[in-house]
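S.K.: Predicted model follows, preceded by the sequence.
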Amino acid sequence: MAFPTYTKTFHTSSYPTSNPSNPAISTAGKVVVITGGGSGLGVTTHSPRLRRVRMNQLSLLGRTPSTLLSTKTSLQTLHPTIQVLTFTADITSLPSLTHALSTTASTLGPIDTLVSNAAYCPDPSPIGTGPVDEWFRGMEVNVRGNLHLVQIFLQYCASGEAEKRVFVHVSTGGAHLLPLGSGMSGYAISKLAATRVVDYFGMENLGRVRVMNVHPGVLQTDMNRKAVEAGFVLPYDDVELSASFIVWSASHEAEFLKGKLIWANWDVEELKAKKEILEKTDELTIGLIGWGA
């Protein structure tokens, strides 16, 4: 199946324009926090394409100490001068998040960018008959977890212009697409709610924080295996495309897309060419189709 696309070009692999080694989108000198930093998208921080990224200070949060340590070791091999902190933390646990972000800020400095990558995909089941507790686990992790993150981020983020404080939520196309198949309601609905949490956070802190919602593409991760089991099978995208696009989305070049839900597959140059209309309209936001037309 082919998705509709906002840009004429629909990327499935990395390309030069979004290359994170580009000085214009560099993370050099910034304190970056990534939740889910030991799995899924988090492990791409040490991918071959990202070897040239100018990273200085990084804090990785995750639930599994061994994967966090592996990611940290790989990063320090690629970037010997990088400072990497790791914290065993669950985004549903306010105390563990508070400890991680407060320690990051006191050790590395105020946080410039937080990438909310940690998420949970409930076991696929029909919404009318599936186990409620498992279904609601998606709400607990994806909604409560992001609510925790936005509140703690405000306490420990950098001062100055809003551009210096960026909150990137790794969302999903399932948050806005019509239902595509049975079994995935727990994930799609909880990520839609999480996206709205981030939307409100951005609106209430306009001029203080820039928020971005990014669909990372279809990635070969543990979470996506559940979708495959439910019969929702799509060609995989290159995980480095997703990682590169997220780096770009946190840069000043993407400031005009604040509050939008954007796909990593969309072409960066074509998006920039649409800057004027995107700044003046509600395009690429979640709403009721046809209302007010």
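M.R.: That came through, no problem.
S.K.: Where is the longest helix in the protein?
M.R.: Longest helix of the chain, by residue count under DSSP state H: helix 185-204.
S.K.: Please work out the average pLDDT along that one.
M.R.: Rounded to a whole number, the mean pLDDT of helix 185-204 is 97.
S.K.: Please name every helix or strand in contact with it.
M.R.: Applying 3 or more CB pairs under 8 Å, 6 or more residues apart in numbering; DSSP states H and E, we find helix 185-204 packed against helix 132-139, helix 145-156, strand 166-170, strand 210-215, helix 222-229. Quick note: C-beta positions are derived from backbone N, CA and C, even for glycine.
S.K.: Worst mean pLDDT among these?
M.R.: If you rank the helices and strands packed on helix 185-204 by mean pLDDT, helix 222-229 sits at the bottom with a mean of 80.
S.K.: if we can go back for a sec, and the longest helix of the chain with helix 145-156, angle?
M.R.: Between helix 185-204 and helix 145-156, the angle comes out at 30 degrees (axes from the mean of the first three to the mean of the last three CA atoms, to 10 degrees).
S.K.: What residues sit buried inside helix 185-204?
M.R.: The neighbour-count check on helix 185-204 (16 or more other CB atoms under 10 Å) flags 185-195, 197-199, 201-202 as buried.
S.K.: do stretch 16-26 as well
M.R.: Applying 16+ other CB under 10 Å to stretch 16-26 flags T17, S18, N19, P20, N22, I25, S26 as buried.
S.K.: Tell me which of those residues has the lowest pLDDT.
M.R.: Of all those, P20 carries the smallest pLDDT score, 71.
S.K.: quick one on the thing from earlier: export the longest helix of the chain to CSV, keeping only CA atoms.
M.R.: Extracted C-alpha coordinates of helix 185-204, given in CSV (Å, rounded to 0.1, in the frame of the first residue of the first chain):
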residue,chain,number,x,y,z
SER,A,185,-6.6,0.7,18.3
GLY,A,186,-4.7,0.7,21.6
TYR,A,187,-1.6,2.0,20.0
ALA,A,188,-3.2,4.4,17.5
ILE,A,189,-5.6,6.0,20.0
SER,A,190,-3.0,6.4,22.8
LYS,A,191,-0.5,8.0,20.4
LEU,A,192,-3.2,10.3,19.1
ALA,A,193,-3.9,11.4,22.7
ALA,A,194,-0.1,11.8,23.3
THR,A,195,0.2,14.0,20.3
ARG,A,196,-2.6,16.2,21.6
VAL,A,197,-0.8,16.4,25.0
VAL,A,198,2.3,17.7,23.1
ASP,A,199,0.1,20.1,21.0
TYR,A,200,-1.4,21.7,24.2
PHE,A,201,2.1,21.9,25.8
GLY,A,202,3.3,23.8,22.8
MET,A,203,0.3,26.1,22.7
GLU,A,204,0.4,26.9,26.4
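S.K.: quick check: angle from it to strand 166-170?
M.R.: Orientation of helix 185-204 against strand 166-170 (the same axes, to 10 degrees) gives an angle of 170 degrees.
S.K.: And the average pLDDT for stretch 240-248 is what?
M.R.: Averaging pLDDT along stretch 240-248 gives 92.
S.K.: For that stretch, output the C-alpha coordinates as PDB.
M.R.: Only the C-alpha atoms of stretch 240-248 are listed here, as PDB (Å, rounded to 0.1, in the frame of the first residue of the first chain):
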ATOM      1  CA  GLU A 240      18.700   6.200   9.600                       C
ATOM      2  CA  LEU A 241      16.200   8.300   7.600                       C
ATOM      3  CA  SER A 242      14.100   8.600  10.700                       C
ATOM      4  CA  ALA A 243      17.100   9.500  12.900                       C
ATOM      5  CA  SER A 244      18.400  12.000  10.500                       C
ATOM      6  CA  PHE A 245      15.000  13.600  10.100                       C
ATOM      7  CA  ILE A 246      14.500  13.900  13.800                       C
ATOM      8  CA  VAL A 247      17.800  15.700  14.100                       C
ATOM      9  CA  TRP A 248      16.700  18.100  11.400                       C
END
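S.K.: chain center to that stretch: distance?
M.R.: Mean-position distance between stretch 240-248 and its chain equals 10 Å (CA atoms, centre = their mean, to the nearest Å).
S.K.: swap in stretch 174-194?
M.R.: For stretch 174-194, the distance to the chain centre is 16 Å (CA atoms, centre = their mean).
S.K.: ends of it, how far apart?
M.R.: End-to-end span of stretch 174-194 (CA to CA, to the nearest Å): 12 Å.
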